[in-house]
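Student: Got a predicted model here, sequence first, then my questions.
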Protein chains: 2
Amino acid sequence: MPRHAYVNGRYVPHGEAQVHIEDRGYQFADGVYEVVPVFAGRLIDEEPHLDRLAYSLGELRIAWPMSRAALKLVLRELIRRNSLANGIVYLQVTRGVAPRDHRFPEHSRPALVITTRRARPISPAHLANGVPVVTLPDIRWRRCDIKSVSLLPNVLAKQQAVEAGAYESWLIDAEGCVTEGSSTNAWIVTKDGRLVTRDRSAAILSGITRQALLDLVEVEQLIVEERRFTLAEAKAAAEAFLTSSSSFVLPVTRIDGAPVGDGKPGRLTLKLRDTYISHMNHAAAAL
Amino acid sequence: MPRHAYVNGRYVPHGEAQVHIEDRGYQFADGVYEVVPVFAGRLIDEEPHLDRLAYSLGELRIAWPMSRAALKLVLRELIRRNSLANGIVYLQVTRGVAPRDHRFPEHSRPALVITTRRARPISPAHLANGVPVVTLPDIRWRRCDIKSVSLLPNVLAKQQAVEAGAYESWLIDAEGCVTEGSSTNAWIVTKDGRLVTRDRSAAILSGITRQALLDLVEVEQLIVEERRFTLAEAKAAAEAFLTSSSSFVLPVTRIDGAPVGDGKPGRLTLKLRDTYISHMNHAAAAL
């Protein structure tokens, strides 16, 4: 059975899934997206993902392509058709098709595209050794809180990481502080055991895994600081890690070639990874 | 005869012109474009447009989808099929279709989409009265020299202009200087008759109309300064105007509601518009 995609009202074989060339997503990056983890066939943290979708759409004044309830049904139907157990659902909403003109069209129907993908297993070496990151100036626009498809700077930052032999780029703002990775949030653990991640603002995307982890550690009574932290502070940290919907919690053991702490995945980092995976297990079982 | 588009090797009716949902232009804004004016059936300033395309592709390390010579033939064939006399050719090149992953795919063939559009006549009122602009902070990324489809900030800036009753937004950098418009370059004429436009850098797109006009005024021995200018200087200018491939040279007579000079289209501005249109006429006749 071929994998299917959902495109503007129809389930179509993935290879035949197309949009019009004047879809504003293609010509203007005028759209937003979400990546929702699927674990044991269940959508994890679906509500916060849809809340964030609502936020992104609202900031761009793009209408919902269908009701939230209907969207939830379509997500489930696509998971079912594609027999997806573990992986992600990708959904993209754009302002739709209109003759090319920068301004918002007077009449256009939002476009909705949904795909699924099986989980790409995290490399055992990445878990055992942690991953290296490199740092780059953050040259993105100033509305990174909107999860838009205007991702070219993120693409370039990820590619630079790959070519430097790293897993991810951490982006550094004009004040020398880490904002986030090209597709992940950045965290450190200070030598006195405080968990630090950048505070929410237009400078970062409010990651759902980031927020889920913040909620989980609150229960565990760890000291958490949501604030700016400099690259120097990150390099001097005891531990570092990154979070995302597809890598969960991943230890970062090198920054620009220099080891973080003892250069091995941190104890707290690995504990938080377990905590997060337990959360997913519980969430899936509860659905 | 329906209008045709060129999509990845085929001429197709515009309404059926589609690309795959995993074209990286759609998911990552990982592509570039050009808008080439067509006047009397001829491509105007085609070589500088293709040079800039080469620059944009080179900066993103996207391969040419076909040779430059072949592309020139396709542009002409599409103009012929669509019987286009006056208007524009839009061409877009993306990194092509690949499973979604930020990093550059190892194997993907660049995608090429070309459309034409008849000229939208400039409103006589715009020419007679000039157009108003509003100013906004420039929140775009720091590689505006690449003509990428990552245009969401430009879309939002244009929409803000429209809603403020203006024709265009002029974007103001952190130092209080005008960079450019959301889809046009910005110019002023000082009270002592100097022509000023922002110098080329990663902060602006190097407009082809901008450059053509610079070449033309060099012949006329006007004093031209390519440099930063503040919003205050723009508001105190004798004249102001904007340039683009579709509006040519258009007088700007209000900035944030305040009149520029006497609030009427400037004498030099209108002369430069005539100069540019003569250039197009000569260029078309020479081809």
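Tutor: Right, received. Where do you want to start?
Student: Check the gap between A:Ala212 and B:Leu242 for me.
Tutor: Applying CB to CB, to the nearest Å, the value for A:Ala212 to B:Leu242 is 47 Å. (Glycine included, C-beta is placed from N, CA and C.)
Student: Repeat that for A:Ala157.
Tutor: 32 Å.
Student: A:Ala237 now?
Tutor: A:Ala237 is 49 Å from B:Leu242, by CB to CB.
Student: ok now do A:Pro105, which residues does it touch?
Tutor: Shown in contact with A:Pro105 (CB atoms under 8 Å, 6 or more residues apart in numbering or on different chains): A:24, A:95-96, A:98-99.
Student: Swap in 10 Å and give it another go.
Tutor: By CB atoms under 10 Å, 6 or more residues apart in numbering or on different chains, the contact set of A:Pro105 is A:22, A:24, A:30, A:95-99.
Student: Which ones among those residues lie within strands?
Tutor: The strands, defined by DSSP state E, take in nothing from the contacts of A:Pro105.
Student: ok, and of these, which contact chain B?
Tutor: Counting by CB under 10 Å from any CB of the partner chain, A:22, A:24, A:30, A:95, A:97, A:99 from the contacts of A:Pro105 sit close to chain B.
Student: Closest to chain B out of those?
Tutor: A:Asp30 (5.3 Å; CB to the nearest CB).
Student: Quick one, grab the pLDDT at the nearest residue to the closest one once chain neighbours are set aside.
Tutor: Leaving aside its chain neighbours, A:Asp30 sits nearest to A:Arg24 (3.8 Å; criterion: CB to CB, 6 or more residues apart in numbering or on different chains). For A:Arg24, the pLDDT comes out at 98.
Student: I'd assumed A:Ser148 was in contact with A:Arg24.
Tutor: No. Counting by CB atoms under 10 Å, A:Arg24 stays clear of A:Ser148, with 11.6 Å between them.
Student: Give the residues shared as contacts by the two.
Tutor: Between them, A:Arg24 and A:Ser148 share the contacting residues A:30-31, A:94, B:152, judged by CB under 10 Å, 6+ apart.
Student: so which pair among the residues you listed is furthest apart in space?
Tutor: The distance between the two most remote of the shared contacts of A:Arg24 and A:Ser148 (CB to CB) is 10.4 Å, for A:Thr94 and B:Leu152.
Student: Overlap of the contact sets of those two?
Tutor: Common contact partners of A:Thr94 and B:Leu152 (CB under 10 Å, 6+ apart): A:24-25, A:28-32, A:60, A:148-149.
Student: Helices - which of those residues land there?
Tutor: Under the assignment DSSP state H, those contribute A:24-25, A:28, A:60 to helices.
Student: Please indicate which of the residues you listed are buried?
Tutor: Buried members of these, counted by 16 or more other CB atoms under 10 Å in any protein chain shown: A:24-25, A:28, A:60.
Student: Next, the buried residues of whichever strand or helix holds A:Ala284.
Tutor: Secondary structure assignment for A:Ala284, by DSSP states H and E: helix A:267-286. Within helix A:267-286, the residues scored as buried using 16+ other CB under 10 Å are A:268-270, A:272-273, A:275-276, A:279-280, A:283-284.
Student: ok, and for stretch A:110-121, which residues are buried?
Tutor: Residues of stretch A:110-121 classed as buried: A:110-117 (neighbour count, 16+ other CB under 10 Å).
Student: show me which of these neighbour chain B.
Tutor: A:111, A:113-115, A:117.
Student: Name whatever forms a beta bridge with A:Asp23.
Tutor: Note on A:Asp23: beta-bridge partners by DSSP bridges are A:Val97.
Student: quick one, strands of the stretch 51-200 of chain A?
Tutor: Here the stretch 51-200 of chain A has its strands, by DSSP state E, counting those that start in this stretch, at A:87-94, A:111-118, A:131-137, A:168-172, A:178-181, A:185-189, A:195-197.
Student: Now render those strands as TSV, adding mean pLDDT.
Tutor: Output for the strands of the stretch 51-200 of chain A, formatted as TSV (pLDDT from 0 to 100):
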stretch	mean pLDDT
strand A:87-94	97
strand A:111-118	98
strand A:131-137	98
strand A:168-172	98
strand A:178-181	98
strand A:185-189	98
strand A:195-197	98
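Student: Turn those strands into CSV, including distance to B:Val7.
Tutor: Formatted as CSV, those follow (distance: least, CB to CB, whole Å):
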stretch, distance to B:Val7
strand A:87-94, 18
strand A:111-118, 17
strand A:131-137, 35
strand A:168-172, 33
strand A:178-181, 35
strand A:185-189, 38
strand A:195-197, 44
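Student: out of these, which comes closest to A:Ile208?
Tutor: Closest among those, once you apply CB to CB, is strand A:185-189, at 9.7 Å.
Student: Report the contact partners of A:Ile44.
Tutor: Taking CB under 10 Å, 6+ apart, we find A:Ile44 in contact with A:36-38, A:88, A:208-209, A:212, A:245, A:248, A:276, A:279-281, A:283-284, A:287.
Student: and which of those residues is nearest chain B?
Tutor: A:Ile88 (9.5 Å).
Student: you'd agree the closest one is up against A:Leu75?
Tutor: No. Assessed by CB under 10 Å, A:Ile88 is found out of contact with A:Leu75, at 11.1 Å.
Student: so what sits against both of the two?
Tutor: When contacts are counted by CB under 10 Å, 6+ apart, A:Ile88 and A:Leu75 are jointly contacted by A:34, A:36, A:38, A:43, A:116.
Student: Phi, psi for A:Gly261 please.
Tutor: With angles defined as degrees, to the nearest 10, A:Gly261 sits at phi 60, psi -130.
Student: where does it land on pLDDT?
Tutor: pLDDT at A:Gly261 comes out at 97.
Student: and if you look at A:Ser246?
Tutor: For A:Ser246, pLDDT reads 87.
Student: Identify the residue spatially nearest to it, adjacent ones excluded.
Tutor: Among residues not flanking A:Ser246 along the chain, A:Ile88 sits closest, at 5.8 Å (CB to CB, 6+ apart).
Student: what's the burial count for the one you found?
Tutor: 23 (other CB atoms under 10 Å in any protein chain shown).
Student: how close does it get to B:Pro99?
Tutor: Using CB to CB, A:Ile88 is found at 12 Å from B:Pro99.
Student: now A:Asp199
Tutor: Taking CB to CB, one finds A:Asp199 at 34 Å from B:Pro99.
Student: okay, and the common contacts of A:Ile88 and B:Pro99?
Tutor: Both A:Ile88 and B:Pro99 are contacted by A:115, A:117, A:120, under the criterion CB under 10 Å, 6+ apart.
Student: which residues touch the first one?
Tutor: Going back to what we said before, that points to A:Thr115. A:3-7, A:14, A:17, A:78, A:82, A:88-92, B:21-22, B:27, B:99-100.
Student: who does it bridge with?
Tutor: A:Tyr90.
Student: Over to A:Ala174: give its phi and psi.
Tutor: Torsion angles at A:Ala174 (phi, psi; degrees, to the nearest 10) stand at phi -60, psi -20.
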